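Undergrad: Turn this into a structure:
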Amino acid sequence: MKKGIVSVVMALVFAVSVVGISMAGTVKCTVDKVEGDKVTMTCKKASSLKAGDAVKVKAAKAKKGAIEGC
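TA: Below is the predicted model:
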């Protein structure tokens, strides 16, 4: 019984720590201009970034039209 409770508590602690790390690495940006290979963006929480940091950029998905039913 005690091992089960300890296992559940440890799983919850692990899950909460992983969620906290993934949330800390997210910065929302808007593209201002594109010139060849250079992209200029304006970001919220940009103070968490510094020159030379590696970033991963994911383009927004295009919104499709409404789905019509029968």
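Undergrad: Which pLDDT value goes with the residue nearest the centre of the chain?
TA: A centroid search over the chain (CA atoms, centre = their mean) returns T26, at 3.8 Å, as the residue closest to the centre. At T26, the pLDDT value in this model is 74.
Undergrad: all helices in this protein, in order from the N-terminus.
TA: Here the chain has its helices, by DSSP state H, at 2-24.
Undergrad: Residue ranges in it under the pLDDT threshold?
TA: Low-confidence segments of the chain (pLDDT under 70): 17-25, 65-66, 69.
Undergrad: run the last query once more with 80
TA: By pLDDT under 80, the weakly predicted segments of the chain are 1, 14-27, 48, 60-70.
Undergrad: circling back to that earlier point, which residues touch the residue nearest to the centre of the chain?
TA: By CB atoms under 8 Å, 6 or more residues apart in numbering, the contact set of T26 is empty. From N, CA and C alone the C-beta is placed, and that goes for glycine too.
Undergrad: For K45, see how far away it is.
TA: Here T26 is placed at a distance of 8 Å from K45 (CB to CB, to the nearest Å).
Undergrad: ok, what's across the strand from T40?
TA: K33 (DSSP bridges).
Undergrad: got the contact list for it?
TA: For T40, the contact set (CB under 8 Å, 6+ apart) comprises 31-34.
Undergrad: State the pair within those residues that is farthest apart.
TA: Maximum pairwise distance in the contacts of T40, criterion CB to CB, is 8.6 Å, between D32 and V34.
Undergrad: on that earlier part again, can you check which residues contact both of T26 and K45?
TA: By CB under 8 Å, 6+ apart, no residue touches both T26 and K45.
Undergrad: want to throw the contacts of T40 into TSV with distance to M1 and neighbour count?
TA: Putting the contacts of T40 into TSV (distance: CB to CB, whole Å; neighbours: other CB atoms under 10 Å) gives the following:
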residue	distance to M1	neighbour count
V31	55	12
D32	59	9
K33	62	8
V34	60	10
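Undergrad: Return the member of those residues nearest to A59.
TA: Of all these, V31 has the smallest distance to A59: 9.3 Å, by CB to CB.
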